[in-house]
Structure formats: structure tokens, C-alpha cells
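Participant: coords please:
(one chain, ligands or ions: 1)
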Amino acid sequence: MLGLDLTLSYNGAPVVHGAEIHLEPGKVTALVGPNGSGKSTLLRALARLHQPDAGRVLLAADDGHTISEAEAEAVPGAGPAELLDHGIDAATLSGRDFARRVTLLAQSRPTPGGITVRELVEFGRHPHRGRWIAGDAGGAGIVSRAMELTGVTAFADQPVDRLSGGQLQRVWLASCLAQDTGVLLLDEPTTYLDLRYQVELLDLIRELADEHGVTIGVVLHDLDQAAAVADRVVLLESGRVRAVGTPAEVLVSDVLSSAYGIRVDVEVDDRGCITTCPIGRYNTRARTERLVVA
Ligand SMILES: Nc1ncnc2c1ncn2[C@@H]1O[C@H](COP(=O)(O)OP(=O)(O)OP(=O)(O)O)[C@@H](O)[C@H]1O
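Facilitator: Below is the predicted model of the structure:
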């Protein structure tokens, strides 16, 4: 998927200025940046939920594989040049055809009342159905697999309006997985999740990319998580792409300090694991107080 020269605005005021973003099949691309830098707006434009003032979104003919294909491999030949020549303009697809290729786990969603977890997950199958549910061959298996992968099978028959924030987040993710698209866009998916499910979600993201060739774009505020899970990082600042590259290329002290407007130290251990440490006044005070107590 390629977002090309995207200019995006609200009420005529541009908030994203000519951004280019390439999401590769079988790779995880993390979007990071300060609050208000345009990450969600950009993701929504890729998902066709925000009409661009200028620019286009191009899709590979077969943009990634899906969880229903057990032995899928990443799709070759979907680089920016190929997409420019042969990509499908997302705006030309019907809603249904687009929804078969791209799904977005949005940051906030209204919780529907009066339906069960399983019914909400089944809703993800909507672009694959004809007029009758029975027309969705293989759909039941994909719904079950999506629920297993996200750990929601145990409460499949509970009403969704009685779930905790983290449980509900996993159910929405299951619904996105049930949609079985080649492109999966996730806006701050670890919000509301406890430590275990944050780790499991990041593992799942990697598994979907590595083993199923899914194209993944994910907004993350936690830079250490971005470093751990992403193949590429796109850093946005004031609606512009400030840096693109591997985590080691983008998550460096001077770039982050400038983007976030505070000092950010970065450590890389022997295994190449990146840890970022934002330095505030409390860092110094905490150390001094600890020393005094000791
Ligand atoms: N519905 C809206 N109407 C008007 N302006 C908006 C709207 N949504 C977002 N904006 C503005 O667009 C800019 C980009 O917002 P966006 O939500 O894309 O940033 P973000 O990087 O995702 O922020 P955050 O990290 O806080 O989620 C901000 O200046 C924001 O105030």
C-alpha cells in the first residue's frame, strides 16, 4: 500500500502536508510522533475514512495474504515503483472490494448494545457475505480462528457491553481479523491492554506479517514497542514525515529530542534492542531522593 503526496485537512485547515507512506506486504510499519502530528488522520486516509484534499492511495493487486491461507508468503513486487505503475487506486474500488482488502482498528469506536462477542466478531465478515450468512463459505472457521488468536473465545457468548476496555479492544481486533484482509491498520492497539495482552498483541502482529504476509501499519506511542515490533518506522511531526527507516535509523536521540521537544536518550544493547528514555526533571529528583533515603 502506498499513500502518495497526501494532504489532509479538517474544515479547510491542512493537518497533514504531502505525506508519502509505503506499507510493505509482510512487514510491520510503525507510525510514531507527538500528539496531534497527524498519525490517526493519515491512517484514516489510508483506510478511506478521510477524504484527501490531494494525493492518492494505491494498493497492490494482491496486497498481502490473509489469516485463512495457512502457508502464505509475503507478496513480492509491491515496492513503490511497482505500485506507481500497476497499483490499484483505492478510490476506484467499491466499498465492499476495498473492505475485502483493508481494515482499520480505530482508536475509539461506539460499543454496540445488545449483541454478543461472537456476533461482533462475525460482523467483520460483512464484505465477504452475500445477502445470506450461509453464503460466506469458510467464514465460521475464520471467525473461530480470529477469536482464538485474540483470546476471546472464552467469553464468546457474553454481551459486548459488559466487557472491560481491554477485553473489548481484543474483540474489535478479532472482528478486524475476521475481515481477513491483506492490509491491517491499527491505531494505538495496545491502549487498554494489560502487560500480557500488549505483548501478545505485538507477537500477533509479527506473526500476521511473518507467517501470513499481511501488510501492517500501526500507530504506537510506546517507542520501545515500535522498536521491538516494527521493520520500519515513520516519524511524523506537525503533519509532515520527519524520518523514515529502520528503528535503528529513526529512533535516535537527536531526532526524537527534536520531534518531542524534550531530551530523549536512546540505548542499544548487545542484541540490538532499543530502549528510549525521555528525560524530565523528575528523573533527576527521583535519583536524588533515592540517594538521600539510602
Ligand atoms: N475531527 C477533527 N476536527 C478538527 N481537527 C481535528 C480533528 N481530528 C483531529 N484534528 C486535528 O488534526 C491534527 C492531527 O490530529 P491526529 O488525531 O491525526 O493526530 P495524532 O498524531 O493521531 O494525535 P494523537 O497522538 O494525539 O492521537 C491535530 O491538530 C488535531 O487537532
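Participant: What is the burial count for residue 262?
Facilitator: Look at residue 262: counted by other C-beta atoms under 10 Å, it has 11 neighbours. Every residue, glycine included, has its C-beta placed from N, CA and C.
Participant: quick one: residue 118 is in a helix?
Facilitator: Yes: counting by DSSP: H, G, I helix; E, B strand; the rest coil, residue 118 is part of a helix.
Participant: Cross-check the contact I'm expecting between it and residue 158.
Facilitator: No: assessed by C-beta atoms under 8 Å, residue 118 is found out of contact with residue 158, at 9.2 Å.
Participant: Those two: which has the busier surroundings?
Facilitator: residue 118 (20 against 15).
Participant: Name the nearest residue to that one, ignoring sequence neighbours.
Facilitator: Distances taken as C-beta to C-beta, 6 or more residues apart in numbering put residue 156 closest to residue 118, at 4.4 Å, once the chain neighbours are dropped.
Participant: Per-residue pLDDT of that neighbour, please?
Facilitator: Residue 156 is assigned 95 on the pLDDT scale.
Participant: Let me see the contact set for it.
Facilitator: Counting by C-beta atoms under 8 Å, 6 or more residues apart in numbering, residue 156 touches 116-118, 121, 147.
Participant: Also residue 206?
Facilitator: By C-beta under 8 Å, 6+ apart, the neighbours of residue 206 are 28, 229.
Participant: Would you tell me what helix or strand it is located in?
Facilitator: Element membership of residue 206 [criterion: DSSP states H and E] is helix 195-212.
Participant: ok, residue 107 - how many residues close by?
Facilitator: Neighbours of residue 107 using other C-beta under 10 Å come to 15.
Participant: what's the closest non-adjacent residue to residue 17?
Facilitator: Nearest one to residue 17, counting by C-beta to C-beta, 6+ apart, is residue 239 at 5.0 Å.
Participant: quick one: the one you found and the ligand, what's the gap?
Facilitator: Computed as C-beta to the nearest ligand atom, to the nearest Å, the residue 239 to the ligand distance reads 7 Å.
Participant: Repeat that for residue 5.
Facilitator: Residue 5 is 17 Å from the ligand, by C-beta to the nearest ligand atom.
Participant: wait, that residue sits on residue 18?
Facilitator: Yes: in this structure, residue 5 is within contact of residue 18 by C-beta under 8 Å, at 5.1 Å.
Participant: So which residues on the chain come close to the ligand?
Facilitator: For the chain, the contact set with the ligand under C-beta under 6 Å from any ligand atom comprises 10, 15, 33, 35-41.
Participant: again, only this time at 5 Å
Facilitator: 10, 15, 35-41 (C-beta under 5 Å from any ligand atom).
Participant: Break this structure down into its structural domains.
Facilitator: 2-101+182-255, 112-180 (automatic domain parsing).
Participant: can you list those in a markdown table and add distance to residue 279?
Facilitator: What follows is those, written out as a markdown table (distance: least, C-beta to C-beta, whole Å):
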| stretch | distance to residue 279 |
| --- | --- |
| domain 2-101+182-255 | 10 |
| domain 112-180 | 30 |
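Participant: Can you show me the CA trace of stretch 228-238 as CSV?
Facilitator: What follows is stretch 228-238, C-alpha atoms only, in CSV (Å, rounded to 0.1, in the frame of the first residue of the first chain):
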residue,chain,number,x,y,z
ALA,A,228,10.7,-4.2,19.1
VAL,A,229,7.9,-4.9,16.6
ALA,A,230,8.4,-2.8,13.5
ASP,A,231,10.5,-3.4,10.4
ARG,A,232,10.2,0.3,9.5
VAL,A,233,9.3,3.4,11.5
VAL,A,234,7.7,6.5,10.1
LEU,A,235,8.1,9.6,12.4
LEU,A,236,5.5,12.3,11.9
GLU,A,237,6.0,15.8,13.2
SER,A,238,3.5,18.6,12.6
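Participant: how far is it from where the chain is centred?
Facilitator: Stretch 228-238 sits 11 Å away from the centroid of its parent chain (C-alpha atoms, centre = their mean, to the nearest Å).
Participant: Please work out the average pLDDT along it.
Facilitator: 97.
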